[in-house]
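Novice: Build the 3D model from these lines:
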Amino acid sequence: RWDKGSMNSSYVLSLADSFHVQITAGDAGASPIVEMLAHAMKLRPGSSAAGHSLLVLTGQEKDVFSLSEHNTICLFSPPQNKDELVFRAMEVSLAIAHAAQQRGGVLVHGGLAEYEGKGVILAAPGGTGKSTAASRLPHPWRSLSDDAAFIVRDLQGSYFAHPWPTWSRFYENGPGGEWDVGAATPLKTIYFLFQSPRDDLEELIPAQAAAMF
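Specialist: Here you go, the predicted model:
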């Protein structure tokens with residue numbers, strides 16, 4: 001359940017590029033939003049003295065977002081039902097992604113899988129079959145997310161991928177889920193999926209791959 005929560009709930013998310021963001025509920029109405037976000041993203045409670053601060057507040061007539069280098073404020077109208085609560089939590093997750101993108105990270109539409117400690121992203125437009133492909137990966141493959149992943153580059157220049165929630169799973173009393181967003185996997189390969197009558201693999205040059213994003 002996410003309809004209860006203590007005021008000033010606070011959680012921390014750390015990404016592989018040393019970006020740290022503290023997400024805090026600033027009032028009782030914001031607490032269920034932050035609690036749902038923390039559950040879906042498996043965030044750890046606590047505070048961070050350094051990094052980015054994201055404050056969630058309610059009581060507004062319309063949604064407002066304020067972003068600066070070190071702070072983000074999300075002002076929401078109070079959610080009236082479960083689906084509105086999900087939508088607010090999703091918006092906070094996008095605010096986190098937007099803040100992290102200022103440092104060079106990128107949120108991609110693709111499932112994240114792990115094989116022998118290396119990350120593989122299956123990127124595709126909606127309806128192409130990436131979620132189905134992710135669900136059919138055999139052992140020892142491990143599916144970490146089926147719809148989105150966040151890519152960052154660490155201080156040594158290596159790329160890592162973090163799983164990201166599939167928020168559509170929460171709507172209309174859906175099954176929901178949990179994604180360990182703080183867990184980074186070294187990124188090895190990105191595959192762009194297309195529906196085809198035959199199985200084939202074609203290597204892209206960097207310019208082609210960049211255009212696919």
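Novice: Can you give me the distance of His52 to Val152?
Specialist: 14 Å (C-beta to C-beta, to the nearest Å). (C-beta placed from N, C-alpha, C; glycine too.)
Novice: Could you find the closest non-adjacent residue to Val86?
Specialist: Phe170 (4.3 Å; C-beta to C-beta, 6 or more residues apart in numbering).
Novice: list the contacts for that neighbour?
Specialist: 36, 40, 82, 86, 89, 176-177 (C-beta atoms under 8 Å, 6 or more residues apart in numbering).
Novice: Beyond the longest helix seen in the chain, next helix or strand please.
Specialist: If you go by DSSP state H, the chain has its longest helix at helix 82-101. Next along the chain after helix 82-101, taking DSSP states H and E as the criterion, comes strand 106-108.
Novice: Work out for me the element Val152 sits within.
Specialist: Judged by DSSP H and E, Val152 forms part of strand 148-153.
Novice: Show me the beta-bridge partners of the nearest residue to Tyr191 once chain neighbours are set aside.
Specialist: The shortest distance from Tyr191 to any non-neighbouring residue, by C-beta to C-beta, 6+ apart, is to Leu122 (5.4 Å). Beta bridges link Leu122 to Gly111, Tyr191, judged by DSSP bridges.
Novice: Tell me the spacing between Leu122 and His98.
Specialist: Counting by C-beta to C-beta, the gap from Leu122 to His98 is 24 Å.
Novice: When those two are compared, which one has more neighbours?
Specialist: Leu122 (24 against 14; other C-beta atoms under 10 Å).
Novice: surely that one meets Thr189?
Specialist: No. If you go by C-beta atoms under 8 Å, Leu122 and Thr189 don't touch, sitting 9.7 Å apart.
Novice: can you give me the helices for this protein?
Specialist: 31-41, 82-101, 130-135, 206-212.
Novice: Return the distance of the second one from the chain's centre.
Specialist: When you say that, I think you mean helix 82-101. 9 Å (C-alpha atoms, centre = their mean, to the nearest Å).
Novice: quick one: it to helix 31-41, angle?
Specialist: Interaxial angle, helix 82-101 versus helix 31-41 (axes from the mean of the first three to the mean of the last three C-alpha atoms, to 10 degrees): 70 degrees.
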